[in-house]
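Engineer: with the sequence up front, the predicted model follows.
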Protein chains: 2
Amino acid sequence: MLPLALNTVTVRERWSLAECIEGCARHGIPGIAPWRDKLAEMGVARAARRIRDAGLTVTGLCRGGMFPAADAAGRAAAIEDNRRAIAEAHAIGARCLVVLGGGLPPGSKDLPGARAMVREGLHAILPEARAAGVGLAIEPLHPMTCADRSVVTTLAQALDLCDELGEGAGVAVDCYHVWWDPEVARQIARAGRRVMGFHLCDWLVPTTDLVFDRGMPGDGVIDIPALRRMVEAAGYDGPAEVELLSRRWWAEDPDEVLAIMKRRHATAC
Amino acid sequence: MLPLALNTVTVRERWSLAECIEGCARHGIPGIAPWRDKLAEMGVARAARRIRDAGLTVTGLCRGGMFPAADAAGRAAAIEDNRRAIAEAHAIGARCLVVLGGGLPPGSKDLPGARAMVREGLHAILPEARAAGVGLAIEPLHPMTCADRSVVTTLAQALDLCDELGEGAGVAVDCYHVWWDPEVARQIARAGRRVMGFHLCDWLVPTTDLVFDRGMPGDGVIDIPALRRMVEAAGYDGPAEVELLSRRWWAEDPDEVLAIMKRRHATAC
């Protein structure tokens, strides 16, 4: 079994990063993945110290990327922001920076153009990432997010980018985003040691919202153990991180959410 | 420009098939694609006659497939139903039967198993389809439908099935379902003359429902002309069929919907 980690977005409506760190320690969850808004709120140096004191692995910092923009100034600002994210990831000892593609620029229908902007952005930040020893974990998102969150929609596409970028680039495999892909087994095998993160999340039937209706592992239809075995066979032995964007779970007591996460990790993953 | 066709689902809440046929004739729309419920309601022989008298091309019959089921009896029933669909498609002179994969059987997480059921189902019905001269147009659906509507999620996967099935099998390319795919250009080129249908539908931002919030061509972010040029380059010269499952458009006067479809076909496709 891969060790468990909490992505802070899972309890974002009720807990600060400090509370997430305490919660992980209290529940015996050995890993954490902060989002940048929570990290900024707490302060990077203070968060780094507390995470270290709690003995937690930082599985990844969420999130960099989001490169496409309507004009050159917007694209340059995105690249600058990614440089700050790399520095933050380094400061908290994160295994990687999770990088999303970003969607189409407002008003644009130029999908190949947006994809070229992602490629350019990745090339621009790779030297800083390498210098900081922070891996760039490109996370393909579910195709239903293509218009507004990620024009990187498949592992094959993310790995084509990795092939081109070389050392320092890898992928984050999120069950929710890749489970439907007929290529998933082949692409995880292709990724090999470039799997930098593994995220647990389930697909509910019915799914009532394209963003905020993700399922607790075990509540949906994804064969999560099969995907876990694929990343393990590829050589991944890092944490398995529960990342839920879910109005249903945000309404619950976070201590209860963490307790359920732990049980599901043991029984359904 | 490819000739326009109306998929009857676009106005399903207000018009019978007879009204759709009259509407197409009145608006100068040369093609129609009936759904089987509307066809059954009108009666196959009567519908065939009226469609012929109106001089309409039948782009496809919607829909066959939906093969996965929890038990052997369910799978056999699905195959029998597909045989009836092939006979109906032949009777109304349809260019093809549109075949969906179907989702996971209730309670199942076995995606490879469901995909094997689709493959078996297609093999089972291919002889009847060939004998009737009805093409099987496998339509990959958007990955967000994988759990409950179609385990066939990409053109590459559909074309792998076509390669295996041989003569009589092809694909239906629906802009809404394939636009996000980094492989779309390559796979449409690979399909070549096996493109049996081309469906127009746009992706709205935001999309508020996973099934019933499809956009009128021109209202969303899909570069429909780019996809149309791809299918044309592959050798397709059949109709372009507007197929909207949309609560917003179902609430409108169907004559208004057809008029808007015609304008968008001329300006945005």
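Structural biologist: In hand now; what should we look at?

Engineer: reduced to three states, what does residue A:176 come out as?
Structural biologist: helix (DSSP: H, G, I helix; E, B strand; the rest coil).

Engineer: show me what contacts residue A:205?
Structural biologist: For residue A:205, the contacting residues are A:220, A:221, B:147, B:148, by Cβ atoms under 8 Å, 6 or more residues apart in numbering or on different chains. All C-beta spots, glycine's among them, are computed from the backbone N, C-alpha and C.

Engineer: what about residue A:158, neighbour count?
Structural biologist: With neighbours defined by other Cβ atoms under 10 Å in any protein chain shown, the count for residue A:158 comes to 30.

Engineer: can you put the contacts of residue A:205 in CSV and add pLDDT, distance to residue B:94 and neighbour count?
Structural biologist: Written out in CSV, the entries for the contacts of residue A:205 read as follows (pLDDT from 0 to 100; distance: Cβ to Cβ, whole Å; neighbours: other Cβ atoms under 10 Å in any protein chain shown):
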residue, pLDDT, distance to residue B:94, neighbour count
A:220, 98, 36, 21
A:221, 98, 33, 21
B:147, 98, 29, 25
B:148, 97, 26, 18
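
Engineer: so which of the residues you listed comes closest to residue B:213?
Structural biologist: Looking at the contacts of residue A:205 and their distance to residue B:213, the nearest is residue B:148, at 16.0 Å (Cβ to Cβ).

Engineer: look up how far residue B:139 lies from the closest residue to the closest one other than its chain neighbours.
Structural biologist: Nearest-residue entry for residue B:148: residue B:103, 4.0 Å, with adjacent residues in sequence omitted and distances by Cβ to Cβ, 6 or more residues apart in numbering or on different chains. When distance is defined by Cβ to Cβ, to the nearest Å, residue B:103 is 14 Å away from residue B:139.

Engineer: list residues touching both of the two?
Structural biologist: A shared contact of residue B:103 and residue B:139, defined by Cβ under 8 Å, 6+ apart, is any residue touching both; here these are residue B:150.

Engineer: would residue A:50 count as being in a helix?
Structural biologist: Yes: using three-state DSSP, the secondary structure at residue A:50 is a helix.

Engineer: neighbours of it, just the number please.
Structural biologist: Residues within reach of residue A:50, counting by other Cβ under 10 Å, total 18.

Engineer: got the contact list for it?
Structural biologist: So residue A:50 contacts A:18, A:21, A:42 (Cβ under 8 Å, 6+ apart).

Engineer: now do the helices in the stretch 101-250 of chain A.
Structural biologist: For the stretch 101-250 of chain A, applying DSSP state H, counting those that start in this stretch gives helices covering A:111-132, A:155-165, A:175-178, A:184-191, A:224-233, A:247-250.

Engineer: chain B is nearest to which of those?
Structural biologist: Comparison of these against chain B by Cβ to the nearest Cβ identifies helix A:155-165 as nearest, at 4.3 Å.

Engineer: separation between residue A:145 and chain B?
Structural biologist: When Cβ to the nearest Cβ, to the nearest Å is the yardstick, residue A:145 and chain B sit 9 Å from each other.

Engineer: ok, now which ones touch that residue?
Structural biologist: Taking Cβ under 8 Å, 6+ apart as the contact definition, residue A:145 lies against A:103, A:153, A:210, A:211.

Engineer: could you do residue A:170 as well?
Structural biologist: By Cβ under 8 Å, 6+ apart, the contact set of residue A:170 is A:96, A:135, A:136, A:137, A:138, A:162, A:191, A:193, A:194, A:195, A:196.

Engineer: the fifth one contacts residue A:102, correct?
Structural biologist: No: applying Cβ atoms under 8 Å, one finds residue A:138 not in contact with residue A:102, separated by 11.7 Å.

Engineer: between the two, which is the more surrounded one?
Structural biologist: residue A:138 (30 against 24).

Engineer: quickly find the element holding the spatially most central residue of chain A.
Structural biologist: Closest residue to the average C-alpha location of chain A: residue A:98 at 4.9 Å, with Cα atoms, centre = their mean. With the criterion set as DSSP states H and E, the secondary-structure element containing residue A:98 is strand A:96-100.

Engineer: same question, residue A:88
Structural biologist: Element membership for residue A:88 (DSSP H and E) is helix A:72-91.

Engineer: could you list the residues of chain A in contact with chain B?
Structural biologist: When proximity is defined by Cβ under 8 Å from any Cβ of the partner chain, chain A lies next to chain B at A:104, A:108-111, A:115, A:142-144, A:146-148, A:153-154, A:156-157, A:179-183, A:203, A:205-208, A:210, A:220-223.
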